[in-house]
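what follows is a predicted protein model with its sequence.
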Amino acid sequence: MAVVDVKENVRLKLELDGGMDGNRQIIKSKTFTKVKPTAENEDIYEVAESLADLQAYPIYKVKRLEEIHLVRE
């Protein structure tokens, strides 16, 4: 029997550049929920760029967070 993955929950996480504290990089983050599991990476990145314009800090990294349920067929 094969095991298949079912995407249950997808979130968009923006990591923002909060500057430096001495030698340490400060990262601020914001997470957006209820992203469609079928959303393409390019579309998610475009939304992240639009949201970044609304933030106080510049964008450092864009992450797609997925929870996947494994099911045996």
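In hand now; what should we look at? Model, not experiment: these values are computed from the prediction.

all strands for this structure, in order.
Remark: strands assigned in the chain by DSSP state E are 3-21, 24-35, 59-72.

show me what the first one pairs with in its sheet, parallel or antiparallel.
In this case it means strand 3-21. Applying DSSP bridges, strand 3-21 is found paired with strand 24-35 (antiparallel), strand 59-72 (antiparallel).

give me the distance from that strand to the chain's centre.
3 Å (Cα atoms, centre = their mean, to the nearest Å).

pLDDT averaged over it - what is it?
Averaged over strand 3-21, pLDDT sits at 94.

list of residues touching it?
Residues outside strand 3-21 that contact it (Cβ atoms under 8 Å, 6 or more residues apart in numbering) are 25-33, 35-37, 39, 44, 47-48, 51-52, 55-73. Where you see a C-beta, it was placed from the backbone N, CA and C, and this is true even at glycine.

now the strands paired with strand 3-21 as TSV including mean pLDDT and distance to residue 17?
Putting those into TSV (pLDDT from 0 to 100; distance: least, Cβ to Cβ, whole Å) gives the following:
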stretch	mean pLDDT	distance to residue 17
strand 24-35	95	7
strand 59-72	95	4
